[in-house]
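> just coords:
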């Protein structure tokens, strides 16, 4: 069998995807996009990627590099070129102005402001458009952006570290460190790929975490504390906002005196419609977060799972039998009463991180099956 | 570098190890042993393995196959030939009688009745003996036998199945099935490699398990219930001893009325010095068990770990977030108060069993580090 015509573009699209990934963690609320430009003879003459929201789009950088050599050539882009004036002018216009004759795209942009309009504009101007090249890889790359567009909430990753017996702390609360340095490095790198990292007040009180990428990302992701009572320690590493921004989110019921204390310390506050994960995720989506990392204790993790705020679990499993009848565990009651109700998550191949194991699981059918077992009443309904 | 002289025997020794493994699960209290016999020109003329306690040793089977062709030849054996009259005559005598001129062994037999005596006898009769070929593989093959000889207790494997959040049951106790059919098949095959399978009374009451290899082994491993109170259900699949033998072990404190009930049902009973894992393991070693599988709940698993009755953990991890604040977990309190006290177990590469993950961990330095952290007083001292 000869390859499908679009298959010949695959290697270039894979290069464009590599370029797109260079922007990982810094493009939100935009997607990651990469572009290569070939001249009329098919020679590589320009490469570009979207490096940060507000900066030039991938196509513009690649066209700039190509200059006059783009005329009569091909642009290979990981996402449909935009056709609207945002913070930067439309890329479809730039492609036409550069004299590009053929555009190869991996997938249409689901953003309602684009949604096929870019492709239509190019086609009506006589440009050949080839769609769907390496579409699956492109969707995987931008799964967080796509999730936010589809659900108006960021893509949520719930991470925990536990012993092989499922413990996230010893009976006396000690938990530093369960995992080894390789796994902790991996978590720092994971934070660099996220727009915000969320904990509850209990984690601040118990662990006094720093929650940064240790400089892997500039600027650092937003550190968020979701706290009903605002009973937070006076001193905490999260209050040093020179290293990274911190936001304390709470509901209307939070005591005025404690709100005032936070304001005096110069900590940003956010009053939520309800002090629940779903309300926080809606706010974070409004703030342009595509991907959010939950690094919280069992109580908040349980609420986040039940409110469909977790699309991926990253379980770091240490080769340690920690023990503990009353020791902390990753997740509290989810309301299942029979094993047939418990959905199987989609697994990836486990990775060895030093002595530890990393197992990443994807939510079954992106939330649909998750909400199907009959759950007892929640404090706040999932919107 | 030219290979060491012993390296040329490695392929034959690996064949002998393959043969030895054919007896897996049926040789206890003996080790697994395999043997190949080569004629004077180095051609394969006989193969044998120890298939079952009381049956011919590996050397005898291989020599029988070789017949007269063994004269002037070489025997490659995974373990030092025995030199004592047990249920069968000494293999060293048989090798000499067959005219074998060279014996290649992987390792000496640590059994005090042999312990180098077989090798010495062969050498003094003028036979060339080459030792230590593939010694590590041979030790790994017979790790259970070697553990029993060294510690007078069987090698213990603690197996559990849990969700990725460390739960071994839902809050209401439901646990069938956490793992998928591939993992459950693997457990049946694991039972076939063990001489006994141990549970506590709680598991009999909660799960009514069958605990057989589902015919993979004939006869089935001994099913053992360790119960302090003997408060066992009147009907249970374990009481059907037509399928597999069952033994109920208890201490002196067990109520006489319940002992009587078991006797009337025809269930074998064993009165232990103390109703604790260490006492049971000593008894099972006396009965010739090399390898014992713990398939018990958290309470008994904790006691078995604390009393150094577990040399390997086999954790089956399902891609399911089960949840549950009060749900069952694999292990109870081990007495650790700081993470630096918790030893790291030696890991093997995780295996995928269908959708589930199998992670096997070996006890740190075979029990030595395990007992080093200061543990609170136990009900019974480890002997």
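It's in. Since the model is a prediction, treat every value here as computed from it, not as a measurement.

> which pLDDT value belongs to the residue of the stretch 51-200 of chain A found nearest chain B?
Proximity of the stretch 51-200 of chain A to chain B (Cβ to the nearest Cβ) peaks at residue A:166, 1.2 Å away. For the C-beta atoms, the positions are set from N, CA and C on the backbone; glycine is no exception. Per-residue pLDDT puts residue A:166 at 95.

> now residue A:149. Nearest residue, chain neighbours left out?
residue A:110 (5.0 Å; Cβ to Cβ, 6 or more residues apart in numbering or on different chains).

> wait, isn't residue A:226 in contact with residue A:202?
No. With contacts counted by Cβ atoms under 8 Å, residue A:226 stays clear of residue A:202, the gap being 10.4 Å.

> look up how far residue B:199 lies from the residue of the stretch 51-200 of chain A closest to chain B.
As for residue A:166, its distance to residue B:199 is 20 Å (criterion: Cβ to Cβ, to the nearest Å).

> more neighbours: which of the two?
Per other Cβ atoms under 10 Å in any protein chain shown, whichever of residue A:166 and residue B:199 has more neighbours is residue A:166, with 31 against 23.

> quick one, strands of the stretch 251-383 of chain A?
Ranges of strands in the stretch 251-383 of chain A, per DSSP state E, counting those that start in this stretch, are A:268-271, A:291-294, A:312-318, A:346-347, A:351-353, A:356-362.

> gap between the two ends of stretch A:160-171?
17 Å (Cα to Cα, to the nearest Å).

> likewise for stretch A:100-114?
Start-to-end, stretch A:100-114 (Cα to Cα) is 20 Å.

> residue A:176: how many residues sit nearby?
What residue A:176 shows, counting by other Cβ under 10 Å, is a neighbour count of 11.

> next up, the contacts around the residue nearest to it when sequence neighbours are not counted.
Excluding its sequence neighbours, the residue lying closest to residue A:176 (Cβ to Cβ, 6+ apart) is residue B:339, at 6.1 Å. With contacts defined as Cβ atoms under 8 Å, 6 or more residues apart in numbering or on different chains, residue B:339 is in contact with A:170, A:174-178.

> same thing with residue A:231?
Counted by Cβ under 8 Å, 6+ apart, residue A:231 has contacts A:201, A:205, A:258.

> give me the average confidence score over stretch A:96-106.
Per-residue scores along stretch A:96-106 average to 94.

> ok, residues contacting it?
In this structure, residues lying in contact with stretch A:96-106 by Cβ under 8 Å, 6+ apart are A:6, A:9, A:12-13, A:16-17, A:37, A:40, A:63, A:66, A:70-81, A:95, A:119, A:122, A:125, A:127-135, A:137-138.

> among the residues you listed, the buried ones, what's the ChimeraX command?
Per 16 or more other Cβ atoms under 10 Å in any protein chain shown, the buried members of the contacts of stretch A:96-106 correspond to this ChimeraX selection:
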select /A:9,12,13,16,17,37,63,66,70,73,74,75,76,77,78,79,80,81,95,119,122,127,129,130,132,133,134,135,137,138
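
> quick check: the residue nearest to residue A:149 touching residue A:151?
No. Between residue A:110 and residue A:151 there is no contact under Cβ under 8 Å: 11.4 Å.

> overlap in contacts of these two?
With Cβ under 8 Å, 6+ apart, residue A:110 and residue A:151 have no common neighbours.

> what parts of the stretch 251-383 of chain A come near chain B?
Those residues of the stretch 251-383 of chain A that sit near chain B, judged by Cβ under 8 Å from any Cβ of the partner chain, are A:298, A:302, A:305, A:313, A:315, A:317-326, A:329-339, A:342-347, A:349-350, A:352, A:355, A:357, A:359, A:361.

> which among those residues count as buried?
Counted by 16+ other Cβ under 10 Å, those give A:298, A:302, A:305, A:313, A:315, A:317-324, A:329-336, A:339, A:342-345, A:347, A:350, A:355, A:357, A:359, A:361 as buried.

> next step: these restricted to helices.
Counted as lying in helices by DSSP state H, out of these, are A:298, A:302, A:305.

> which residue is the nearest non-sequential neighbour of the second one?
The one in question is residue A:302. Closest residue to residue A:302 apart from its sequence neighbours, by Cβ to Cβ, 6+ apart: residue A:332 at 4.0 Å.
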